[in-house]
Every structure is written in C-alpha cells, then in structure tokens.
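Novice: need coordinates for the below:
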Amino acid sequence: MFKEMVDKIRINEKMVGTHNYKIDDIRSDFKKIKKISRSFVLLKNVKENKFIKKNDFTLMRTPTSENFSKFHEIFPKILKNKTKKNFKAGSVLKLTSFKK
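Specialist: Numbering: from 1, shown residues only. Just a heads-up that it's a prediction; the model follows:
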C-alpha cells in the first residue's frame with residue numbers, strides 16, 4: 001500500500017517536470033523554431049511610386065529564410081520610401097523593393 005503511494009507520487013513528480021525554463025540549443029525542436037521567420041506581406045495592391053501605409057501590410061510566417069529581412073532595417077523603409085514597381089497583394093516586401 002505504501003509502496004503504491006510512493007510510486008504514484010514519483011509518477012506525478014515526473015509529470016509535473018522541472019521548472020527550468022531555459023531553452024537548450026541542443027534540442028532539435030528549438031533549432032526548428034529558430035528557422036521560423038516572419039516577413040512583411042502586402043494585403044492590398046500597391047502601385048509604383050506610392051507610399052505604403054500601415055494597413056497595407058502585415059507580418060506573416062515564411063517557411064524559407066530567403067524572404068526574411070531584418071525588422072529594424074526594412075520597417076523604416078516601408079513607411080518612409082516609395083515603391084520601385086507595382087506590387088500585388090500577397091507579395092513579400094524586401095529591402096530592394098523601395099527607392100532610396
């Protein structure tokens with residue numbers, strides 16, 4: 001009877017786990033999470049030489065890192081610079097999409 005109780009307590013302790021919330025670089029799921037990135041995607045069609053407004057784009061997850069650009073580099077360009085060409089809704093914005 002006592003042994004059963006101790007066994008069940010040990011099982012519950014394992015279920016609760018440890019309270020170590022550190023992320024290990026060794027874990028394979030963390031490596032997958034690091035590869036997930038977000039890109040700026042247009043919600044509306046935008047014509048050439050027009051400014052993009054805040055409600056014209058959103059952030060979306062992209063499976064590949066080739067469309068990924070650093071947030072602090074592209075965000076000021078989105079709001080301050082004009083577009084180089086016409087863009088359709090769903091297009092991914094890149095640093096080269098804007099005039100200097």
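
Novice: isn't residue 60 up against residue 38?
Specialist: Yes: using C-beta atoms under 8 Å, residue 60 is in contact with residue 38, at 6.4 Å. C-beta coordinates here come from the backbone N, C-alpha and C atoms, glycine included.

Novice: tell me the mean pLDDT for the one helix or strand residue 7 maps to?
Specialist: Assigned by DSSP states H and E, residue 7 falls within helix 2-16. For helix 2-16, the mean pLDDT works out to 88.

Novice: before we move on, what about stretch 91-100?
Specialist: Model confidence over stretch 91-100, given as mean pLDDT, is 84.

Novice: end-to-end on that stretch?
Specialist: Start-to-end span of stretch 91-100 (C-alpha to C-alpha, to the nearest Å) is 20 Å.

Novice: list the buried residues for it?
Specialist: Along stretch 91-100, these residues count as buried under the neighbour rule (16 or more other C-beta atoms under 10 Å): 91-93, 97-98.

Novice: format these as a markdown table; extra columns: distance to residue 52 and secondary structure.
Specialist: Putting the buried residues of stretch 91-100 into a markdown table (distance: C-beta to C-beta, whole Å; DSSP: H, G, I helix; E, B strand; the rest coil) gives the following:
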| residue | distance to residue 52 | secondary structure |
| --- | --- | --- |
| 91 | 11 | coil |
| 92 | 13 | strand |
| 93 | 8 | coil |
| 97 | 9 | helix |
| 98 | 9 | strand |
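
Novice: and which of the residues you listed is nearest to residue 3?
Specialist: residue 92 (61.1 Å; C-beta to C-beta).

Novice: didn't the closest one look like it was pressed against residue 37?
Specialist: No: using C-beta under 8 Å, residue 92 is not in contact with residue 37; the gap is 11.0 Å.

Novice: does residue 50 really touch residue 84, like I thought?
Specialist: No: if you go by C-beta under 8 Å, residue 50 and residue 84 don't touch, sitting 10.7 Å apart.

Novice: give me the number of residues near residue 49?
Specialist: When neighbours are defined as other C-beta atoms under 10 Å, residue 49 has 11 of them.

Novice: show me what contacts it?
Specialist: For residue 49, the contact set (C-beta atoms under 8 Å, 6 or more residues apart in numbering) comprises 82-83, 99.
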